[in-house]
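J.: Provide a 3D model corresponding to the input given below.
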Amino acid sequence: MAASEEKSRNLKHVRVYDRLYRLIQEGVYPPGSQLPSEPDLAARMGVSRMTLRRALSLLIDDGLVQNVRGKGNFIRPQENLSNSGKHGLETLCHPVYSCCAEKPDSVEMEFRLEPPSDPILESLKQRSAAVVIADRWYKFHGRPVAYSLSILPIEAVSRLEIDLNRPEELKLFLESTVYEQAAGSSLHLTVSNAGNFSAQKYTLSKQNAFLLIQENLYGKEGVILAVNKHFIPLELFQARIYT
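T.: Here you go, the predicted model:
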């Protein structure tokens with residue numbers, strides 16, 4: 001096979017990518033719509049399914065298309081990246097809202113008060129008489145898409161005057177207030193397969209692969225306000241850093 005023919009064949013998926021990109025931008029496939037099935041779309045493009053899948057993988061990498069296992073390929077809503085109000089991992093903000101492709105529209109929370117174990121004390125880097133442990137399940141249109149486990153020393157809860165008899169106060173603190181009051185944070189990102197059994201109540205990902213964001217939030221005095229573990233399915237994870 002001539003080198004030019006081989007190069008042309010190898011670039012075929014790029015040409016399909018370009019065509020689909022234009023169709024998406026022109027609104028032929030609007031945000032939220034489902035693409036035709038892969039056999040149908042491959043036939044329309046005049047290419048093999050392998051070539052189509054390569055083109056789709058590029059569109060997925062670009063954040064234009066989402067593959068939902070067992071359902072098909074869908075066009076993602078597009079963000080205006082020039083908007084100065086956007087926040088990414090460079091700011092003190094809730095990682096689930098900045099890194100989950102399907103933005104949660106509801107949060108379910110349960111919490112408990114218990115004596116701290118040695119591993120918890122190690123994570124807090126301080127002594128504590130008791131800790132509040134909160135489970136939060138994030139949902140998009142009723143479907144769980146992320147999970148967070150939060151640990152707060154009871155001393156911080158008392159100092160910040162969070163009334164545990166009013167769970168909404170605790171939820172508001174964990175969802176937003178702590179990010180307004182914290183003087184700094186540290187993030188550690190790893191890949192984990194522990195998301196589903198950590199979440200317990202719901203299955204978050206059939207692929208059982210997660211991005212785990214371990215987050216420590218510090219007060220002005222350098223004392224930890226909260227330790228969080230955020231589990232986001234890898235198929236839903238996306239991160240941006242604005243500079």
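
J.: Show the contacting residues for the residue nearest to the spatial centre of the chain.
T.: Most central in the chain under C-alpha atoms, centre = their mean is Cys100, positioned 2.5 Å from the mean C-alpha point. Contacts for Cys100 were tallied using C-beta atoms under 8 Å, 6 or more residues apart in numbering; they are 138, 145-146, 232, 236-238. Yep, even glycine has a C-beta here, placed from its N, CA and C like the rest.

J.: Then Gly63?
T.: 76, 101, 238.

J.: Relative to Asn67, how far out is the second one?
T.: I take that to be Ala101. 11 Å (C-beta to C-beta, to the nearest Å).

J.: now the helices for this protein?
T.: Ranges of helices within the chain are 3-10, 12-25, 38-45, 49-61, 95-99, 118-124, 154-159, 167-172, 178-181, 195-199, based on DSSP state H.

J.: got a list of contacts for the third one?
T.: Residues from elsewhere that reach helix 38-45 (C-beta under 8 Å, 6+ apart): 16, 19-20, 35-36, 48-49, 51-53, 55-56, 72-73.

J.: of the contacts of Gly63, buried ones?
T.: For those, a neighbour count by 16 or more other C-beta atoms under 10 Å gives the buried set as 76, 101.

J.: tell me the pLDDT at the nearest residue to Leu212 once chain neighbours are set aside?
T.: Residue nearest to Leu212 in three dimensions, not counting chain neighbours: Ser192, with 3.9 Å by C-beta to C-beta, 6 or more residues apart in numbering. Ser192 is assigned a predicted lDDT (pLDDT) of 93.

J.: same deal with Leu11?
T.: 77.

J.: since we're on it, how many residues are nearby?
T.: 12 (other C-beta atoms under 10 Å).

J.: gap between it and Ala55?
T.: From Leu11 to Ala55 the distance is 11 Å (C-beta to C-beta).

J.: Next: Pro116.
T.: From Pro116 across to Ala55, the span is 52 Å (C-beta to C-beta).

J.: so where's the protein shaky on pLDDT?
T.: 1-10, 78-90, 243 (pLDDT under 70).

J.: Could you list everything the residue nearest to the centre of the chain pairs with in the sheet?
T.: Beta bridges link Cys100 to Phe237, judged by DSSP bridges.

J.: And it, how close does it get to Phe173?
T.: On the measure of C-beta to C-beta, Cys100 and Phe173 end up 20 Å apart.

J.: can you check Gln34 too?
T.: Gln34 is 39 Å from Phe173, by C-beta to C-beta.

J.: Mind putting the helices of the chain into CSV with distance to Val227 and mean neighbour count?
T.: Formatted as CSV, the entries for the helices of the chain read as follows, by distance: least, C-beta to C-beta, whole Å; neighbours: other C-beta atoms under 10 Å:
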stretch, distance to Val227, mean neighbour count
helix 3-10, 48, 10
helix 12-25, 41, 17
helix 38-45, 43, 15
helix 49-61, 32, 17
helix 95-99, 13, 20
helix 118-124, 5, 13
helix 154-159, 11, 17
helix 167-172, 15, 15
helix 178-181, 11, 16
helix 195-199, 14, 18
